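A.B. asks: sequence first, then the predicted structure, then my questions.
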Amino acid sequence: MSETKESDKSKVTKFIEKIKKLPSSICHKVWDVAKEDPRRVIHAVKMGTAITLVSLLYLLGPLYKIFGSNAMWAVMTVVLVLEFTAGATLYKGLNRGLGTVCAGGLSLLIELSAAKAGNVYKVVIIGVSIFFVGAGATFVRFIPYIKQNYDYGVIIFLLTFNLITISSFNVKDLLGMARERLYTIGFGSAISLFMCLFILPNWSGQDLEKSTVNKLEALAKSIEACVNDYFEDTEIRDEKSSRYQTYKGYRTVLDSKSTDEAQALFASWEPRHSRRRYPWQRYVELGTTLRHFAYTAVALHGCLESSIQFH
């Protein structure tokens, strides 16, 4: 019994110590994340400022009387559109705008057509329209070009179409509601674009260039570590450091495919880079070539780690 009590006390003591260390560990983690890339702090401040500005549509009485509950669309737009880089924000903003306009126009056309058919047929027409639009939009997302460039816009189109069509079923002033929602979405998009383009902007093109340089350096260090391990004496070899250096080098290159493709796509939307006609897809091709070299480093590393060695 005494042993079990002591073990329980030790567990409670360890738990209390972990709770005491939790605030300091959280602070250290936050500091490390901010220190690794100070732009994250700036982006967080910009996001908070943008949300505060669009919240004025709710907080200020005169503006709330004009837009009402539709002001929430501005808040949703900022949260969904404002991204870390300017290219990502432009990509999402323009896709959201295009999807919203197309969805609003189509839902308005269907609503006007269904209104002339009577209450019974109106339900049938709207239900059938929702089915075909949902199925068609989902199928379009499988097209490679749409998937790569306009997938987010198709999602917003589908979401907006259903929200407008369903919520406007018992609304008399459909044009007024659509106009107010369009204004609030436009206001949220304008705030997001202003924050990402004019307030300490972060460019996807620069991130892609830095990422390519880092991959070249990491791969060079990985291959250098492999070559040094081949020609060094096994007795004086620092196995842990060389293994980690080699693994870290080629792993950085192998894990970069999705990041490179996303950064190249976002960079193509940025005006400061697209104006110069930078060949961003060449960076993706270069990343593919570097990954082939990285597989060579993996093979060399595997030979070094083999239990059978020839001297």
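C.D. replies: Yep, it's here.

A.B. asks: so where's this protein uncertain?
C.D. replies: Within the chain, the stretches with pLDDT under 70 are 1-12, 15, 117-120, 168-174, 229-250, 272-278, 301-311.

A.B. asks: now the helices: where do they sit in it?
C.D. replies: Under the criterion DSSP state H, the chain contains helices at 2-36, 39-59, 61-67, 72-81, 86-115, 119-140, 144-149, 151-167, 174-198, 204-231, 239-254, 257-268, 271-274, 280-305.

A.B. asks: ok, now how distant is Gly188 from Glu209?
C.D. replies: Using CB to CB, to the nearest Å, Gly188 is found at 31 Å from Glu209. C-betas here are computed from N, CA, C, even on glycine.

A.B. asks: when those two are compared, which one has more neighbours?
C.D. replies: The neighbour comparison of Gly188 against Glu209 (other CB atoms under 10 Å) goes to Gly188, with 29 against 17.

A.B. asks: quick check, the more buried one in contact with Ala71.
C.D. replies: No: using CB atoms under 8 Å, Gly188 is not in contact with Ala71, being 9.4 Å away.

A.B. asks: now for the two: what residues contact both?
C.D. replies: Common contacts of Gly188 and Ala71 (CB atoms under 8 Å, 6 or more residues apart in numbering): Val54.

A.B. asks: the nearest residue to Tyr152 once chain neighbours are set aside: what's it in contact with?
C.D. replies: Leaving aside its chain neighbours, Tyr152 sits nearest to Asn95 (4.5 Å; criterion: CB to CB, 6 or more residues apart in numbering). With contact set as CB under 8 Å, 6+ apart, Asn95 has these partners: Tyr150, Tyr152, Gly153, Ile156.

A.B. asks: of those - the most surrounded one?
C.D. replies: Tallying neighbours with other CB under 10 Å puts Ile156 at the head of those, with 24 neighbours.

A.B. asks: so what's that residue up against?
C.D. replies: Counting by CB under 8 Å, 6+ apart, Ile156 touches Asn95, Arg96, Gly99, Thr100, Ala103.

A.B. asks: I'd like to know which of these are buried.
C.D. replies: Buried members of these, scored by 16 or more other CB atoms under 10 Å, are Asn95, Arg96, Gly99, Thr100, Ala103.

A.B. asks: ok, these vs Ile223, which is closest?
C.D. replies: Asn95 (40.6 Å; CB to CB).

A.B. asks: what domains does the record give for this structure?
C.D. replies: The record's domain parsing of the chain by automatic domain parsing lists 39-198, 204-305.

A.B. asks: any idea how far the first one is from the chain center?
C.D. replies: For domain 39-198, the separation from the chain centroid amounts to 18 Å (computed by CA atoms, centre = their mean, to the nearest Å).

A.B. asks: skipping adjacent residues, who's closest to the residue positioned nearest the centre of the chain in space?
C.D. replies: Taking CA atoms, centre = their mean, the centroid of the chain lies closest to Glu83, which sits 7.1 Å from it. In space, and not counting its chain neighbours, Glu83 is closest to Thr89: 4.7 Å by CB to CB, 6+ apart.

A.B. asks: contact partners for the one you found?
C.D. replies: Here Thr89 is in contact with Val81, Leu82, Glu83, Ser192, Leu193, Cys196, Leu197 (CB under 8 Å, 6+ apart).

A.B. asks: buried by neighbour count, from those: which ones?
C.D. replies: By neighbour count, with 16+ other CB under 10 Å, the contacts of Thr89 hold Val81, Leu82, Glu83, Ser192, Leu193, Cys196 as buried.

A.B. asks: what's the farthest-apart pair in these?
C.D. replies: Within the buried ones among the contacts of Thr89, two members stand farthest from each other by CB to CB: Glu83 and Leu193, at 11.1 Å.

A.B. asks: just give me the closest of the contacts of Ile156 to Glu217.
C.D. replies: Taking CB to CB as the measure, Glu217 sits nearest to Asn95 out of the contacts of Ile156, at 34.5 Å.

A.B. asks: so the closest one versus Ala71, what's the distance?
C.D. replies: Using CB to CB, Asn95 is found at 22 Å from Ala71.

A.B. asks: over to Val154?
C.D. replies: On the measure of CB to CB, Val154 and Ala71 end up 26 Å apart.

A.B. asks: between these two, point out the one with more neighbours.
C.D. replies: Neighbours were tallied for Val154 and for Ala71 using other CB under 10 Å; the higher tally belongs to Ala71 (25 against 21).

A.B. asks: so what's the residue nearest to Leu53 when sequence neighbours are not counted up against?
C.D. replies: Counting by CB to CB, 6+ apart, Leu53 lies nearest to Ile191, which is 5.5 Å off, once chain neighbours are set aside. By CB under 8 Å, 6+ apart, the contact list for Ile191 reads Ala50, Leu53, Val54, Ala74, Val78.

A.B. asks: so which of these is the most crowded?
C.D. replies: Ala74 leads the contacts of Ile191 on contacts (other CB under 10 Å) with 29 neighbours.

A.B. asks: okay then, goodbye and thanks.
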